[in-house]
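# no FASTA, just this:
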């Protein structure tokens with residue numbers, strides 16, 4: 001199964017966020033593997049050297065697409081069927097570099113609200129957990 005990456009730039013997470021992130025990622029169904037990469041702001045070339053060739057980029061951006069949980073689960077499952085690793089990019093205090101956003105196959109907005117970096121990581125991991133459980137055939141409580 002293709003690997004998923006949570007790539008956070010210039011982030012130092014407090015203990016509560018590390019614990020919450022680990023809690024959600026630990027709940028993922030079998031076959032879903034997520035690796036967290038905490039990086040200093042890096043140009044695209046250096047980021048690409050840290051990821052497997054052909055990894056899709058999904059950039060979290062305030063001007064990105066709104067996806068509900070079911071839509072996100074469908075997108076994640078489509079990428080998995082295609083065999084693609086996916087890296088979810090979370091910018092630092094100044095957001096993501098323009099070159100990273102241009103390279104991304106998806107610009108995704110987690111919320112219309114401004115979120116602190118730690119909360120954005122936890123929210124992303126929670127949504128990965130929800131999407132993975134839907135993809136694994138678990139019922140969605142809103143359906």
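Structure received. From a predicted model like this one, the values you see are computed outputs, not experimental measurements. Residues are numbered from 1 along each chain as shown.

# Could you check how far residue 114 is from residue 28?
As judged by CB to CB, to the nearest Å, residue 114 and residue 28 stand 28 Å apart. For every residue, glycine as well, the C-beta is placed using N, CA and C.

# Counting neighbours, go ahead and name the busier of those two.
The neighbour comparison of residue 114 against residue 28 (other CB atoms under 10 Å) goes to residue 28, with 18 against 8.

# Please name the bridge partners of the nearest residue to residue 10 once chain neighbours are set aside.
In space, and not counting its chain neighbours, residue 10 is closest to residue 92: 3.2 Å by CB to CB, 6 or more residues apart in numbering. Note on residue 92: beta-bridge partners by DSSP bridges are residue 95.

# ditto for residue 58
residue 88, residue 106.

# Contacts for the lengthiest helix in the chain, please.
In the chain, assigned by DSSP state H, the helix with the most residues is helix 117-135. Helix 117-135 has contacts (CB atoms under 8 Å, 6 or more residues apart in numbering) with 4, 6, 8, 11, 13-14, 16-17, 20-21, 24-25, 27-29, 32, 34, 60, 69-70, 72-73, 76-77, 80, 88, 90, 92-93, 110-111, 115, 140.

# again, but for stretch 79-92
With CB under 8 Å, 6+ apart as the criterion, stretch 79-92 contacts 1-11, 37, 41, 47, 51-52, 54-61, 76, 96-97, 100, 104, 117, 120-121, 124, 128, 135.

# Just the buried residues from those, in PyMOL please.
Here is the PyMOL command that selects the buried residues among these (16 or more other CB atoms under 10 Å):
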select buried, resi 2+4+5+6+7+8+9+11+47+51+55+56+57+58+59+60+61+76+96+97+100+104+117+120+121+124+128+135
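
# Go through the helix or strand bottoming out on mean pLDDT in the chain and flag the buried ones.
In the chain, no helix or strand scores lower on mean pLDDT, DSSP states H and E than helix 44-50, which sits at a mean of 84. Within helix 44-50, the residues scored as buried using 16+ other CB under 10 Å are 47, 48.
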